[in-house]
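Student: How does the following fold in three dimensions:
(chains A, B, C, D, E and F)
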4 protein chains.
Amino acid sequence: MRKKEGNKEKDILEAAVRIFAEQGYHNAKISHVADEARVATGSIYVYFKNKEDILLKIFEEIWRPLYLELKKISTNRKLTAIEKIEFLIDLVFDFFIENPARAIVFVNEQNHLLKNTEVQFTDYYEKFMSLGESIIKSGIRKGAFNKVDVVIFRYFILGGLRNLLNHWAENPNDFSLNKIRQNVKFLLKNGLLKK
Amino acid sequence: MRKKEGNKEKDILEAAVRIFAEQGYHNAKISHVADEARVATGSIYVYFKNKEDILLKIFEEIWRPLYLELKKISTNRKLTAIEKIEFLIDLVFDFFIENPARAIVFVNEQNHLLKNTEVQFTDYYEKFMSLGESIIKSGIRKGAFNKVDVVIFRYFILGGLRNLLNHWAENPNDFSLNKIRQNVKFLLKNGLLKK
Amino acid sequence: MRKKEGNKEKDILEAAVRIFAEQGYHNAKISHVADEARVATGSIYVYFKNKEDILLKIFEEIWRPLYLELKKISTNRKLTAIEKIEFLIDLVFDFFIENPARAIVFVNEQNHLLKNTEVQFTDYYEKFMSLGESIIKSGIRKGAFNKVDVVIFRYFILGGLRNLLNHWAENPNDFSLNKIRQNVKFLLKNGLLKK
Amino acid sequence: MRKKEGNKEKDILEAAVRIFAEQGYHNAKISHVADEARVATGSIYVYFKNKEDILLKIFEEIWRPLYLELKKISTNRKLTAIEKIEFLIDLVFDFFIENPARAIVFVNEQNHLLKNTEVQFTDYYEKFMSLGESIIKSGIRKGAFNKVDVVIFRYFILGGLRNLLNHWAENPNDFSLNKIRQNVKFLLKNGLLKK
DNA sequence: GATGAATGAGGCTTCATTCAT
DNA sequence: GATGAATGAAGCCTCATTCAT
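Tutor: Coordinates of the predicted model:
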């Protein structure tokens, strides 16, 4: 019996991230992804149902580890709410810093997928977001945070991070991710106005 | 003298915003846009070079008025930096509130266009952003604002706004735009931490 | 406005009959049909939903006229049952004699279509068959015909005709259609056994 | 000496008959046949040159036994011509009654194969047909049968039988094969007209 | 022989764009 | 300018066949 040669599924997924980041999902050609993964076109369909399925799996691979890590943070009783938020930000930055192409795909393609009601977007996304919300809520309850609307806050902060990650990933030399990280944390904590 | 009946160019542009918002630029069909605009498919090409050109014009119609309005605000000597920032936020919200579909297109399709080096994205975008930056810079110089990195700040705030606008436009009943507006202003000014 | 040039739908249908007859439906390529019809590949899809739709329309064009003609025959009060049967046979022969390729498609592709429960096969087929059955039934009732099972008879006679038509269409020189016609009529009337 | 366990070739052939009958040869997938035969896809190609070869072997398995049996009948000096014809019909019915799926494949796929000049269709088919013809001829010579054209007769009768077998195999409850058998024999002998 | 992962040629279909009227 | 029929390049996907184990 012919054995699996290496890990083609992983190869394809990683190639797809690179190609989708470079050209955008809709402009990317399956045959190009196959080339990048050093695999025959048909092999893609051994591992994935269709083009969209690749994208779905990419997002699964984004939100599953992010959720699992955030869960550890959120259940850590030694951390205050603000520390948890800071760790959350670190988590996101660290995750994408190791694979900027993934950041670009994340930023540019998630909305289309979420809008497409035909497909089942990974559950881990909503789980991650809920966990984030509950951290904020607990901070508010304990009197540490201002009384912001958590849902609004979550979309705001995620949108801000996404945009920064995107611009960093597209132009890594414009500013270091650590500088971004510090600024975001500062802004989140203190706002723009000098006290 | 007989004017063009009904201004087909405007009809097409508005139809395209609705269709692109609904289905996404890449999934939208020109023939569908034509139907929505109650115009023949071929007529699209009388007014636009190609499909991408429609999108480009849509963004021109977004950033030109935004820039022109922001210019008025930024040159108003009676306003403080923080007031200008608040007006900027109001400006963006007011602009999209009257046309949520435009918000969705703005959020989802700008990155692809910016990345495409073949096309000349509207200058007004960069002009708008520069103006925003200079307002921040001036606020910092005058000691009113904390010393944040203005470029980082601009991407962060724009990303946050975009994401909120998108979610509001897709689910207008989840939260009122005025509530969003207040929360964003508060967050920007004071941050999350209670003083 | 660009007007329809000639009758492309008819051209395509006729080309498809020829190509499907020559190569079989499954081996036939749409691009080949387009070439044969002197039409661009894409034009096929202006007139037909997909490849199968062409086949469906071909059968519509077979059974509709056959049914309409048989209706005239069956309602003609001057004809006896056996005369009607003879006319029915003539009808089928005359119909295919003018387009042998149509006979081949009819013979070879109808079963696949009938089996495919996804598609709606033309109603005229069943209508035609019912009319044929009722002619036999009336002949039996009037004592002119032997008491055969009409459903069995209908499948038997149609199968026999189909097979003859097919072999004639594939090898028109082996025997003349008129000789076939005479033999079939004789067999149907008198059977094999000499009295 | 160790025999091949379970006779894979036979398993594949029988599985193929079932699958081809269900879905048609062209829609049937080799991998599906392999599943049905509980064999790996690759094993198919150990026993058969390609997909078409399976079909060819199926027809070999149809016409060889039919021919061999008909030979016994035709050389039996105790039988009259009409008895031989009746036995021929019984032979065909008995053969397919034990495997209706085979009847469906026989009906639907033989023409495509016969048309394909690349492949060598089983000799037994022509031998069977010749034998049938010679029975008729002898009946005519001896004055027992009407003077029909034997070639026309053979195509007619075979087509009729095929069509009946097909409809019976697809809808076994519509009519019993024995009833069909009686009707066919009666029709063949006496024809439609009452004497 | 047996396996099933891997292959890649090929075909259907889509749809932005063109063009004759 | 306006139309919408016509075009044809291009891409996703299928699946018979191969081949390394």
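Student: the domain parsing of chain A - what is it?
Tutor: A:1-48, A:51-190 (automatic domain parsing).
Student: Mean confidence (pLDDT) on the shortest one, please.
Tutor: Mean pLDDT, computed over domain A:1-48, is 92.
Student: That one vs chain B: in contact?
Tutor: Yes - Domain A:1-48 lies within reach of chain B by CB under 8 Å from any CB of the partner chain, at A:24, A:26. The C-beta positions use only the backbone N, C-alpha and C, and glycine is treated the same way.
Student: follow-up on the earlier one: deepest of the domains of chain A, which one?
Tutor: Mean neighbour count, computed with mean count of other CB atoms under 10 Å in any protein chain shown, is highest for domain A:51-190 among those, reaching a mean of 18.
Student: Can you check the distance spanned by it, start to finish?
Tutor: For domain A:51-190, the first-to-last residue distance is 44 Å (CA to CA, to the nearest Å).
Student: could you pull out the helices for chain A?
Tutor: A:8-23, A:30-36, A:41-47, A:51-74, A:81-97, A:100-115, A:123-141, A:150-170, A:177-190 (DSSP state H).
Student: circling back to that earlier point, output the domains of chain A in TSV; the columns should cover distance to residue B:76.
Tutor: Converted to TSV, these look like this (distance: least, CB to CB, whole Å):
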stretch	distance to residue B:76
domain A:1-48	40
domain A:51-190	25
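Student: and of the ones you listed, who's closest to residue D:31?
Tutor: The closest of the domains of chain A to residue D:31 is domain A:1-48. By CB to CB, the value is 11.9 Å.
Student: before we move on, the earlier item: determine which of the domains of chain A approaches residue D:131 most closely.
Tutor: Nearest to residue D:131, of the domains of chain A and by CB to CB, is domain A:1-48 at 47.8 Å.
Student: sorry, back to before: of all the helices of chain A, which one is nearest residue C:34?
Tutor: It's helix A:30-36; of the helices of chain A, that one is closest to residue C:34 (CB to CB) at 24.4 Å.
Student: Just the CA trace of that closest one, in PDB.
Tutor: The C-alpha atoms that make up helix A:30-36 are tabulated as PDB, following Å, rounded to 0.1, in the frame of the first residue of the first chain:
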ATOM      1  CA  ILE A  30      -6.100  26.200  -6.800                       C
ATOM      2  CA  SER A  31      -3.500  25.100  -9.200                       C
ATOM      3  CA  HIS A  32      -1.200  27.800  -7.900                       C
ATOM      4  CA  VAL A  33      -1.800  26.600  -4.300                       C
ATOM      5  CA  ALA A  34      -1.000  23.100  -5.500                       C
ATOM      6  CA  ASP A  35       2.300  24.300  -7.100                       C
ATOM      7  CA  GLU A  36       3.200  26.100  -3.900                       C
END
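Student: what about that helix, near DNA strand E?
Tutor: No - against DNA strand E, helix A:30-36 shows no contacts by CB under 7 Å from any atom of the strand, the least distance being 7.5 Å.
Student: Check whether that helix comes near DNA strand F.
Tutor: Yes - counting by CB under 7 Å from any atom of the strand, DNA strand F has neighbours in helix A:30-36: A:30-31.
Student: So what's the gap between that helix and the chain middle?
Tutor: Relative to its chain's centre, helix A:30-36 lies at 23 Å (CA atoms, centre = their mean, to the nearest Å).
Student: Residue A:167 contacts residue B:155, correct?
Tutor: Yes - taking contacts as CB atoms under 8 Å, residue A:167 lies within contact range of residue B:155: 5.1 Å.
Student: Can you tell me what sits against stretch A:79-87?
Tutor: Contacting residues not belonging to stretch A:79-87 are listed as A:73-74, A:76, A:135-136, A:138-139, A:142, A:144-145, A:185, A:188-189, B:192-193 [CB atoms under 8 Å, 6 or more residues apart in numbering or on different chains].
Student: now do stretch A:16-33
Tutor: Here stretch A:16-33 makes contact (CB under 8 Å, 6+ apart) with A:12, A:15, A:36-37, A:41, A:44, A:51, A:54-55, A:58, A:99-102, A:104-105, A:108-109, A:112, A:169, B:26, B:112, B:115.
Student: where does chain A dip in pLDDT?
Tutor: Applying pLDDT under 70 to chain A flags the ranges A:1-5, A:192-195.
Student: Relative to DNA strand E, which residue of it is the closest?
Tutor: For chain A and DNA strand E, the shortest gap (CB to the nearest atom of the strand) falls at residue A:42, measuring 1.6 Å.
Student: Residue C:130 versus that residue, what's the distance?
Tutor: 48 Å (CB to CB, to the nearest Å).
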